[in-house]
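A.B. asks: Provide a 3D model corresponding to the input given below.
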Amino acid sequence: MTRNANFKRRVRARAAKTGESYTTALSHIRKSEPVDLARPVRSLRLAVAQTTTYDDPRDISQLRAAGVEIRRLMQASKQAGARLLHLPEGATCSPNKRIMSSTGRHPIGPSDWSRFEWAVQREELNAVRLLARELELWTVLGAVHQLSGTHRPYNCLYVISDSGELVTRYDERMLSNTKISFMYSPGTVPITFEVDAVRFGLSLGMEVNFPEIFREYEQMDVDCVLFSTTGGTVESDAAFAIEAQGHAASNRYWVSFATLAKGEAALSGIARPEGGWAARCNLPETPSIAVADIELNGDELARPWRRQARLGLYRPYQVEGDIRSDDRLAF
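C.D. replies: Numbering: from 1, shown residues only. Down below sits the predicted model:
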């Protein structure tokens with residue numbers, strides 16, 4: 001990826017306007033913009049993963065296998081030079097509503113969370129934490145967060161630092177009908193964190209369907225939103241991926257889309273601020289990673305322009321009523 005494409009674009013624009021050669025235009029801009037040239041580029045290599053579906057938290061072997069898989073993907077991310085690994089919703093386990101139902105599979109009832117092997121999940125998460133410290137790799141992964149007493153758990157994303165510390169947790173806020181009726185407590189707040197001066201926001205589950213979640217993070221000055229999901233039907237899987245691209249383009253920031261390895265309808269990937277994929281997993285049903293360099297050089301013009309537009313930029317130019325006729329249907 002070109003590290004200063006916007007600067008080169010300004011050089012070409014000056015050359016076209018003045019008739020100067022590219023070299024001459026470059027010399028003039030270097031003299032007039034020394035501070036701009038010295039501005040450091042913020043950059044971070046991000047890995048996004050797709051993982052196997054594990055949906056029975058009663059099964060210790062599934063929880064162990066999920067942990068092993070996560071740590072293998074962490075090793076692969078480190079080998080690829082990644083600074084941060086982003087994993088899907090339910091990477092440790094995404095409990096099946098019918099397995100958890102206290103009234104049996106039909107009809108579905110409130111989840112019986114006493115069936116969850118919480119101690120085993122904690123052991124696997126601790127192993128992930130220790131490996132994150134060993135690899136010096138930030139790791140964001142989906143899990144179920146147990147609450148005290150009779151409270152339903154949170155469906156969450158844990159953020160583990162490169163020193164192996166649990167630095168924050170995001171709890172899914174916009175729960176599906178099934179999740180809010182039978183399974184989880186809803187979260188209440190957006191969460192951001194920073195790695196190497198790159199600011200991240202977190203989103204989860206079906207929240208890609210709620211533009212206000214992604215708009216809120218734009219207002220919080222994030223550079224990238226990490227969206228984790230298990231997906232759903234084939235149709236919703238494809239729509240989720242497209243919506244993630246749309247949020248990247250409309251908010252002019254990076255979006256990482258992490259989902260389960262289920263098929264070609266949706267593959268984990270990283271969308272650029274223009275909306276196109278910078279990287280995408282290419283093995284539909286195989287746990288794997290894709291890697292891209294997030295680079296931020298401070299020359300983004302569309303994002304501040306859209307902020308101005310939303311704050312009433314057009315009002316002074318609007319015409320009150322039709323100055324030719326009161327009939328709006330007249331030609």
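A.B. asks: so M174 touches E207, yeah?
C.D. replies: Yes - M174 lies in contact with E207 (Cβ atoms under 8 Å); the separation is 4.8 Å. Glycine gets a C-beta too; all of them are placed from N, C-alpha and C.
A.B. asks: SS state for A292?
C.D. replies: strand (DSSP: H, G, I helix; E, B strand; the rest coil).
A.B. asks: can you give me the strands in the stretch 101-250 of the chain?
C.D. replies: Using DSSP state E, counting those that start in this stretch, the strands of the stretch 101-250 of the chain run over residues 138-145, 154-160, 166-171, 192-195, 198-204, 224-228.
A.B. asks: looking at M174 and E207, which one has more neighbours?
C.D. replies: Using other Cβ atoms under 10 Å as the criterion, M174 and E207 rank with E207 on top: 23 against 18.
A.B. asks: hmm, V225 and that one touching each other?
C.D. replies: No - at 9.7 Å, E207 does not count as touching V225 under the criterion of Cβ under 8 Å.
A.B. asks: can you give me the pLDDT of the most centrally placed residue in the chain?
C.D. replies: The geometric centre of the chain, computed from its C-alpha atoms, lies nearest to L226 (Cα atoms, centre = their mean), at 1.7 Å. L226 carries a pLDDT value of 98.
A.B. asks: check the gap between it and E207 for me.
C.D. replies: Noted for L226: a distance of 12 Å to E207, by Cβ to Cβ, to the nearest Å.
A.B. asks: about what we covered before: please identify the deepest-packed of the strands of the stretch 101-250 of the chain.
C.D. replies: With neighbours taken as mean count of other Cβ atoms under 10 Å, those reach their highest mean count in strand 224-228, at a mean of 28.
A.B. asks: so that one versus strand 138-145, what angle?
C.D. replies: 40 degrees (axes from the mean of the first three to the mean of the last three Cα atoms, to 10 degrees).
A.B. asks: check which helices and strands strand 224-228 sits against.
C.D. replies: Helices and strands touching strand 224-228, by 3 or more Cβ pairs under 8 Å, 6 or more residues apart in numbering; DSSP states H and E, are strand 138-145, strand 198-204, strand 254-258.
A.B. asks: and the gap between the closest residue to D55 other than its chain neighbours and S148?
C.D. replies: The shortest distance from D55 to any non-neighbouring residue, by Cβ to Cβ, 6 or more residues apart in numbering, is to N96 (4.0 Å). The gap separating N96 from S148 is 24 Å, by Cβ to Cβ.
A.B. asks: neighbour count: the two, which is higher?
C.D. replies: Using other Cβ under 10 Å as the criterion, N96 and S148 rank with N96 on top: 15 against 5.
A.B. asks: the chain: helices as residue ranges?
C.D. replies: Along the chain, the segments classed as helices by DSSP state H run 5-18, 22-32, 34-38, 60-79, 97-100, 118-135, 177-178, 211-219, 234-251, 302-310.
A.B. asks: out of these, which is closest to S163?
C.D. replies: Ranking the helices of the chain by their distance to S163 (criterion: Cβ to Cβ) puts helix 118-135 first, at 5.7 Å.
A.B. asks: and that closest one, what other elements does it pack with?
C.D. replies: So helix 118-135, by 3+ Cβ pairs under 8 Å, 6+ apart, packs with helix 60-79, strand 138-145, strand 154-160.
A.B. asks: can you verify my assumption that L147 contacts S185?
C.D. replies: Yes - distance between L147 and S185: 6.7 Å, which falls inside the contact criterion (Cβ under 8 Å).
A.B. asks: common neighbours of these two, please.
C.D. replies: 153-154 (Cβ atoms under 8 Å, 6 or more residues apart in numbering).
A.B. asks: neighbour count winner among these two?
C.D. replies: Using other Cβ under 10 Å as the criterion, L147 and S185 rank with S185 on top: 17 against 12.
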